[in-house]
Structures are given as C-alpha cells and as structure tokens.
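K.L.:
no FASTA, just this:
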DNA sequence: CGTTTTATTGACTAAATTCAACGACAGTGG
DNA sequence: CCACTGTCGTTGAATTTAGTCAATAAAACG
C-alpha cells in the first residue's frame, strides 16, 4: 500500500484492447492528477460500508467485489470489479459508502485524492464523460443482476453469473482462452445469488452435469456461451468498448 | 407531447426543498439548452428497451417506472422514478436502452436533445457533477433493491419497498402527510419484488394485519416508519439533499 | 501432518409457486 | 337501468423450490 509506482505512460491498462486510450496530453494530465498506486492482497478491504474514504480508485489489475451487509449478518454481493473499473463514486460526492469493497485476488489500484474530484470534472470534460459512461454501465450490470434475482430460478441465475464473469474476464483480457482464473467459493456464489449454501452446491452440480458451465473453486469457463445465454435468457445486447480513466 | 411550456425560471422543481437550486446564470443556460416539455399519460412509454432515443429527460412531475423484459415475458421492475430524476443516461452515451420507461401517473418531463449532452458536460461542470451525483444515488437505490431480492423474505421485501416509496414521495414533496397517492397494482408489486401474484397478495394482507403498512391500490403510507425500517432491516443511512438539473 | 476451509450428502421443513376459481368494481353500450 | 367485459383482488389446495439442520468428505494450507 504505497505511493509512487510507474507513471501513467506505462499504465498496464494501455495494452487493453477494450479501453479507449486517451491522447498524450490527457495522459500527462492524469499523471499529474493521480496520487499513486496501492496494492491490496486477497481478502483485504479497500473501503468499508459507512465510511468516507480519502481516496478514489481505478482498478489496474486484479478482481474485487462490492458487498453490502445487514445488521444481522446477512450479506449481499452487489457486483464484481474488474480492471478499468472505478471505485468510490459515492465517496467522490462526499457521501458515505453504502457498501464494502474487498479484493478477491491481489490487486493494484490507481489512487486519486477525493477532494480533487471536482477539478477533474471541471478540467477534463472528456474524462468526466467517461466516468458517466462507467456509471451507466455499472448501472446496467446491476439491472441485469436484479433481473436474475427477481425473475430467474437458481439454475438460470447461476448460468447467468457464470456468463457474466467469463465475459468480463474476456473483455478485460484476464481470461486467456475463455478461462477465468479466479477463486470464488460456493459461499460467495450463494451470497451473490441470494441462495443458501446447500442449494448453491446442488445447483452448481446440476449445471456441471448439464455441461453448461465448468466452474471450480479457482477457475470458471463456459463451454458454449451462446447456449448458456439462451438457457439463462440473456439477450444479446451486451454493450462493450469501454472508455479510459 | 409538445414543446414549449413555461421557461425554467418558472420550473415546478424550484419549490422543491430537497433540490439544490442553481444560480441565475446556470438557470439561464439551462433554459437555452433544454428543448421543451413533454406530457405523458398513465401507461404511456417514454422509451423502449433496445432503442436509442432522441431525447433525454428530467422528471418535472409524476411518477414513472423502469422495467426490463425477458423474451419469455417475465418482467422485472428495476426502479421507480420521481420528480427531479434524470432519464436516459445510457442513451446519453449513445448506447441502446437496456430497459423501458413507462409513466405510472400522468407526468411532465423536461426534454433535452441527446446529441447536445456532451456540451453540457463540457460547459457546465457543476451540472455534470450533479448528474454524477444522481447516477451514484440511483446506483445506491439499485443496491438496496438487490439486497431486498437477495437477502430479504417476502414480508421484509414488501416492507422495504413501502418505506422506499413513501420516503421518496416525502423527499420529493408529493406525499403530503406521509401519504403517497400512487396507483400500483399488486401485479406491479409482484414484478418489482420477484414474487408471484398470489404470494404478493397474501404477504400484503399479512403486513396490513401487522399494522406495518397501509397500502391500497391507490395510496401508500407507513404508520411507523422507524418500526418498518427495523422490521425490514434497513439501516439509517439514507442520503438525501439532492442536486438540481 | 494436523488444522482449517470448502465442498458434499441426506433427511426434514418452510417458503413460495402454480392451478383454478370466484368476487368486487368500473366502464361500455344497448 | 342492466347485462357485458375487463381489470384487479382474494381464496383454497396441491406442488415445487429452496432453506435448515446435521454430519461427513475432500481439498488447501501452514
């Protein structure tokens, strides 16, 4: 968890096909604007529900999850965060975080000082626009999860989640050959899908037997994405091609 | 559905306590920027899933809902939109709408031309900031709904929804005395909460008998909001005080 | 090699869905 | 004024889905 790190000119996201790459001048501006880099190890919290963090983050590498807790201990996983995602929009607006963010793998984050957020909006409309793009995209993902929890049964939900994770892995270049190496326990799947642990286990076995997913503790892949999408009733319109920040 | 209408200087949202009011110069700018007003009657669609609309909207009066359809007819209501809310962020970024927006009451919307959206971001950082605020707030609402669908049982879900609707009605000044006059059928409640119609009916009766909600076809109120929040395990941190646009 | 976490299984219970009617009510046209 | 139609709400019974409890097996970890 330290500052410094290489300048933006060597940003690891520069190779990412899926992101727009900013022109040189904007890149210079970001290099001056950003605060540094931080590393988090698997299981570490980036920020906690109910706090007002000092920093905002962009994911440079790694996968994280956003969770929300009820007082009685029940936990809902809201979404997973991949390279290129922005963390802390609520904090940017001086609000209390409504959720916790925790690293699922070792992760490197690019840090920004929260108080300077308005400068970004005022001075870099293009970056501001991209941030709005990210927010709209994130909202669409939450919509899709709402559809899952509200309308799909356990098997459909799990198939939809597998497709979502693999797709994001492919889009962000961390799932070579369509195989995403990411440790997710069945307990975490249960907390994401709103199912009990036992039912999650049985459902996962069913999907494996059906040949719809190939999902173990540490890797996820979907042999036939089109078939899985059809099974889970996911419509084709995935919008891709992501902006930079 | 016509243009014109009164200028922003007489905007109906000007009286709304919960919104920041822009300074005179910004207000002038908006008056020139906006396209006009449109009226929608109950049941009319503002835009449809899968399309790229020409206009973006701000809700001046009325209540609307955002829904998402699966091919087989299952429907999930994503959220309800109240005065001050912004519609079409996805469209602003030239993406296809992932959902349908439909008026639940007669509604007046302030219209903006989609192509000019970037001008707003570039010329009015403060408005851009507020838009980001709205997006973050909307995301927090979706999070809360995800928690409902994933972790709460039918009774808790319904209590949480009642509290949410009444709270929003109060915050936007359309629920005098804490009573929100809004026609929502049990079928719509079912589609919001991911429950069957029959179970929705029985759950609603239970909540009425428990005295937790007073919810009929056309009005919603919650006699003891604190008690209902405790019952539904809603934590206190509601963030209010909304920006303008 | 023990310890902890994670996965799996069976038996039982609770929650929610489905199917199938029926009732209440408002609007319409004769 | 009254039958006709459509929407919305309500009820009972049977069924399915998912949750709970309790125990064991299998990996992963130091």
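P.N.:
Nice, I can see it. Just so you know, these numbers come straight off a predicted model, no measurement behind them.
K.L.:
C-alpha only now, for contacts and for neighbours.
P.N.:
Noted.
K.L.:
So what does residue A:67 look like in phi/psi?
P.N.:
phi -130, psi 160 (degrees, to the nearest 10).
K.L.:
Please name the nearest non-neighbouring residue to it.
P.N.:
Closest residue in space to residue A:67, ignoring its immediate chain neighbours: residue A:77 at 4.2 Å, by CA to CA, 6 or more residues apart in numbering or on different chains.
K.L.:
Then residue A:52?
P.N.:
Nearest non-adjacent residue to residue A:52 (CA to CA, 6+ apart): residue A:96, at 5.2 Å.
K.L.:
what's the spacing between the residue most central in space within chain A and residue A:203?
P.N.:
Centroid-nearest residue in chain A: residue A:81, 1.4 Å away (criterion: CA atoms, centre = their mean). From residue A:81 over to residue A:203 the distance is 25 Å, taken as CA to CA, to the nearest Å.
K.L.:
Also residue A:33?
P.N.:
Applying CA to CA to residue A:33 and residue A:203 gives a distance of 47 Å.
K.L.:
Please say which of the two ends up with more neighbours.
P.N.:
Each of residue A:33 and residue A:203 has its neighbours counted (other CA atoms under 10 Å in any protein chain shown); residue A:203 has more, 19 against 16.
K.L.:
May I have the residues that are in contact with that one?
P.N.:
Residues near residue A:203 by CA atoms under 8 Å, 6 or more residues apart in numbering or on different chains: A:154, A:155, A:158.
K.L.:
hmm, 6 Å instead?
P.N.:
residue A:155 (CA atoms under 6 Å, 6 or more residues apart in numbering or on different chains).
K.L.:
backbone phi and psi for residue A:211, please?
P.N.:
phi 80, psi 20.
K.L.:
Need the nearest residue in space to it, chain neighbours excluded.
P.N.:
residue A:223 (7.6 Å).
K.L.:
how deep is that neighbour tucked in, by neighbour count?
P.N.:
14.
K.L.:
Give the helix, strand or coil label for it.
P.N.:
coil (DSSP: H, G, I helix; E, B strand; the rest coil).
K.L.:
List the residue ranges of chain A that fall below the pLDDT cut-off.
P.N.:
Residue ranges of chain A with pLDDT under 70: A:1-10, A:15-18, A:236-245.
K.L.:
switch to 90 and redo it
P.N.:
A:1-28, A:31-32, A:71, A:90-96, A:126, A:130, A:133, A:235-245 (pLDDT under 90).
K.L.:
Could you pick out the residues of chain A near chain B for me?
P.N.:
Listed as neighbours of chain B in chain A under the rule CA under 6 Å from any CA of the partner chain: A:76, A:90, A:121, A:122, A:125, A:136, A:146, A:147, A:149, A:150, A:151, A:194.
K.L.:
The last one is in contact with residue B:149, isn't it?
P.N.:
No. Residue A:194 is beyond contact range of residue B:149, at 7.3 Å (criterion: CA atoms under 6 Å).
K.L.:
Looking at chain A, which helix is longest?
P.N.:
helix A:125-151 (DSSP state H).
K.L.:
count of neighbours near residue A:32?
P.N.:
12.
K.L.:
Give me the phi and psi for it.
P.N.:
The phi/psi pair for residue A:32 (degrees, to the nearest 10) is phi -80, psi -30.
K.L.:
Look up how far residue A:93 lies from it.
P.N.:
22 Å.
K.L.:
same check, this time on residue A:14
P.N.:
28 Å.
K.L.:
Give me the more crowded residue out of these two.
P.N.:
The neighbour comparison of residue A:14 against residue A:93 (other CA under 10 Å) goes to residue A:93, with 19 against 15.
K.L.:
how about the nearest residue to the more buried one, chain neighbours excluded?
P.N.:
residue B:133 (6.4 Å).
K.L.:
Flag every residue of chain A that's near DNA strand D.
P.N.:
Residues of chain A found near DNA strand D (CA under 7 Å from any atom of the strand) are A:153, A:154, A:155, A:194, A:195, A:196, A:197, A:198, A:199, A:200, A:217.
K.L.:
Most neighbours among those, which one is it?
P.N.:
Most surrounded of the residues of chain A next to DNA strand D: other CA under 10 Å gives residue A:194, at 25 neighbours.
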